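attaching a predicted model along with its sequence, questions to come.
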Amino acid sequence: MDTNLHSPERHLIDLRIEHADLNALVDITSHAVPINELMLRRLKKRRLLLRDQIALLEMSLEPPEPA
């Protein structure tokens, strides 16, 4: 395994962990009483941003398909 903490693969792992953490936090926040709508919106927006970053990084790491 690559031990470089600044490698794109390591960054991808960190983004996936953060995304999973946000999923859990969104679930907890959506079931809280009273629901904090502003916080929930911000968490969901951050989660979508992370999903887009993960997708872009995955595309850049995968070799292009042969034509």
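Structure received.

mind telling me what element the residue nearest to the spatial centre of the chain is part of?
For the chain, the residue nearest the mean C-alpha position is H19 (3.1 Å; C-alpha atoms, centre = their mean). Using DSSP states H and E, the element containing H19 is helix 8-30.

got the angle for whatever helix or strand comes next after that helix vs helix 8-30?
Remark: after helix 8-30, the chain's next helix or strand is helix 37-61, criterion DSSP H and E. Orientation of helix 37-61 against helix 8-30 (axes from the mean of the first three to the mean of the last three C-alpha atoms, to 10 degrees) gives an angle of 160 degrees.

identify all contacting residues around helix 37-61.
Helix 37-61 has contacts (C-beta atoms under 8 Å, 6 or more residues apart in numbering) with 8-9, 11-12, 15-16, 18-19, 22-23, 25-26, 29-30. Where you see a C-beta, it was placed from the backbone N, CA and C, and this is true even at glycine.

of the residues you listed, closest to P64?
P8 (15.8 Å; C-beta to C-beta).

residues near the closest residue in space to that closest one that isn't next to it in sequence, how many?
Excluding the flanking residues, the one nearest P8 by C-beta to C-beta, 6 or more residues apart in numbering is L61, at 5.8 Å. Residues within reach of L61, counting by other C-beta atoms under 10 Å, total 12.
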